[in-house]
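*Asks:* Any chance you can model this:
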Amino acid sequence: MPIMFGFARQRRQMLEAELERFIEEMPQLGLIKMWIYGDLSSGNVTPDSELELVLLQVTDEPWHRRGDFWMSHLRPRVGSQFYVFTPEEFDSLSHIDPVLVETIKNGESVYG
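*Replies:* Coordinates of the predicted model:
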């Protein structure tokens, strides 16, 4: 199989462009705070990397439906994962939830 160069750099540019679009659109949809974590925040972007976001939002939706709101309203152009926590959940779970622990330790705040 031939080795291809430049795809990770191109993927990084795509993820960053999508992140900027989200930052512009999300506050009017109820976003309080947002962090990136995973490959983009660690600088280890590969051609398969997704945009992994932790969001703080006031919502009554059950945990398993919260990301659907953002997917349907933003219609991501690249692979994206939305992990949505209420402010109360963030406060109570920040030291035990694996996604929150990783986000606090290595993520990057990008809004709020």
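*Asks:* if I pick Glu18, what's in contact with it?
*Replies:* Shown in contact with Glu18 (C-beta atoms under 8 Å, 6 or more residues apart in numbering): 51, 76-78, 80. Bear in mind the C-beta positions are built from the backbone N, C-alpha and C, glycine included.
*Asks:* can we see that at 6 Å?
*Replies:* Applying C-beta atoms under 6 Å, 6 or more residues apart in numbering to Glu18 gives the contacts 51, 77-78.
*Asks:* can you check Thr46 too?
*Replies:* Going by C-beta under 6 Å, 6+ apart, Thr46 touches Ala8.
*Asks:* which element is Ser109 on?
*Replies:* In this assignment (DSSP states H and E), Ser109 forms part of strand 108-111.
*Asks:* what about the strands in the chain?
*Replies:* In the chain, the segments counted as strands under DSSP state E are 31-37, 51-57, 80-85, 108-111.
*Asks:* Quick one: closest of those strands to Arg65.
*Replies:* Comparison of the strands of the chain against Arg65 by C-beta to C-beta identifies strand 80-85 as nearest, at 9.2 Å.
*Asks:* and the angle from that closest one to strand 31-37?
*Replies:* Counting by axes from the mean of the first three to the mean of the last three C-alpha atoms, to 10 degrees, strand 80-85 lies at 130 degrees to strand 31-37.
*Asks:* partners of strand 80-85 in the sheet?
*Replies:* strand 51-57 (parallel) (DSSP bridges).
*Asks:* Alpha carbons of the strand holding Ser109, in PDB - could you do that?
*Replies:* Coordinates of each C-alpha in strand 108-111 appear next as PDB, following Å, rounded to 0.1, in the frame of the first residue of the first chain:
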ATOM      1  CA  GLU A 108      -8.700  23.200  25.500                       C
ATOM      2  CA  SER A 109     -11.500  25.700  26.300                       C
ATOM      3  CA  VAL A 110     -12.600  27.300  23.100                       C
ATOM      4  CA  TYR A 111     -15.800  29.100  24.200                       C
END
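*Asks:* Since that was my last question, I'll sign off now.
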